[in-house]
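Student: Need the 3D shape of this:
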Amino acid sequence: MDFPLGAIIGPLMTLVAAFFGAWYAFKLHDNKDKRKRTEHDVKAANRAIFEISRHCNRLATFRKQFLEGKRNDPHRDYSILPVAGFSWDKPEIDYDSLVFLFESSEPNLLTEISSVEQEITSAVDVIRQRSDFHVKRLQPVIEKLEKQHGPTFSPNLISSALGPKDSRVLRMLTDYNYTCVDSAITEMQKVMEKLAGEVRSLYPGHVVISFKL
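Tutor: Numbers count the residues shown, from 1 in each chain. Sure thing, here's the model as predicted:
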């Protein structure tokens, strides 16, 4: 029994059209999902860079105002002033939004970001500890010496009046201010540069914020 060609081609064309229609709709949906994911990942990275840069600039400002001018001062333990009204919020890094980094060429970058967060916390902690020590232990000693000797007296006199134990503690906290703040700033800059580079590599053509100290 012969079937007319039209009877075969008609349903076949309908089937082909339905297939390509479904395929095209799937591609549109898939492309839309990819665009959403790309936008989400780039925004997440930009938020992380901004959050790290915020803390980096705050530590850099502290270093410039309180530490830099005294870096080579042999008596910096006593001459660096405390930070008045010191308040510092912790970094807010949304690690869940950065899981795409596991698929990048730097899968350990999340660990490095976490380490930088700890460096920030450590730097802030030693700044606070030294400021508290200065106000509560050093300042009363200096005020007492000023009453006895006037406004000018030697650092050795301060050390003697403060005592060997507290003098060592003050020197340790002062040294930690330099090492912790310097290290935190250096590591933050490295991580931000690496994070920006990875996002630009994963999603070329998208805007990734830059950081300048």
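
Student: where in this protein is pLDDT low?
Tutor: Along the chain, the parts satisfying pLDDT under 70 run over 1-33, 85-87.

Student: Tell me which residue is most central in it.
Tutor: In the chain, the centroid-proximal residue (C-alpha atoms, centre = their mean) is residue 52; its distance is 2.6 Å.

Student: need the contact list for that one.
Tutor: By C-beta atoms under 8 Å, 6 or more residues apart in numbering, the residues touching residue 52 are 91, 93, 113, 116, 188, 191-192, 211. For the C-beta atoms, the positions are set from N, CA and C on the backbone; glycine is no exception.

Student: burial measure for the closest residue to residue 71 other than its chain neighbours, as a count.
Tutor: Nearest non-adjacent residue to residue 71, counting by C-beta to C-beta, 6 or more residues apart in numbering: residue 178, 7.0 Å away. Residues within reach of residue 178, counting by other C-beta atoms under 10 Å, total 17.

Student: So which elements touch the helix or strand where residue 178 lies?
Tutor: Using DSSP states H and E, residue 178 sits in helix 164-202. For helix 164-202, the elements it packs on are helix 5-62, helix 76-79, helix 109-133, judged by 3 or more C-beta pairs under 8 Å, 6 or more residues apart in numbering; DSSP states H and E.

Student: what about it, distance to the chain center?
Tutor: On the basis of C-alpha atoms, centre = their mean, to the nearest Å, helix 164-202 is displaced by 10 Å from the centre of the chain it belongs to.

Student: got it, and stretch 155-174?
Tutor: Distance of stretch 155-174 from the chain centroid (C-alpha atoms, centre = their mean) equals 33 Å.

Student: now swap in stretch 113-124 and tell me
Tutor: That offset, for stretch 113-124, works out to 8 Å (C-alpha atoms, centre = their mean).

Student: what does stretch 68-78 give?
Tutor: How far stretch 68-78 lies from its chain's middle: 27 Å, per C-alpha atoms, centre = their mean.

Student: quick one: terminal-to-terminal distance for that stretch?
Tutor: One end of stretch 68-78 sits 15 Å from the other (C-alpha to C-alpha, to the nearest Å).

Student: And the contacts of that stretch?
Tutor: The contact list for stretch 68-78 (C-beta under 8 Å, 6+ apart) reads 79-80, 138, 142, 155, 158, 167, 170-171, 174, 178.

Student: so which of those would you say is closest to residue 108?
Tutor: Using C-beta to C-beta, residue 178 is the member of the contacts of stretch 68-78 that sits closest to residue 108, with 27.9 Å.

Student: picking up where we left off before, derive a ChimeraX selection command for the buried subset of the contacts of stretch 68-78.
Tutor: Only the buried entries of those go into this ChimeraX selection, using 16 or more other C-beta atoms under 10 Å:
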select :80,138,142,158,167,170,174,178
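
Student: So residue 207: helix, strand or coil?
Tutor: Recorded secondary structure, residue 207: coil (DSSP: H, G, I helix; E, B strand; the rest coil).

Student: any idea how far residue 57 is from it?
Tutor: Taking C-beta to C-beta, to the nearest Å as the measure, residue 207 and residue 57 are separated by 20 Å.

Student: between those two, which one's more packed in?
Tutor: Using other C-beta under 10 Å as the criterion, residue 207 and residue 57 rank with residue 57 on top: 15 against 10.

Student: Lovely, talk soon.
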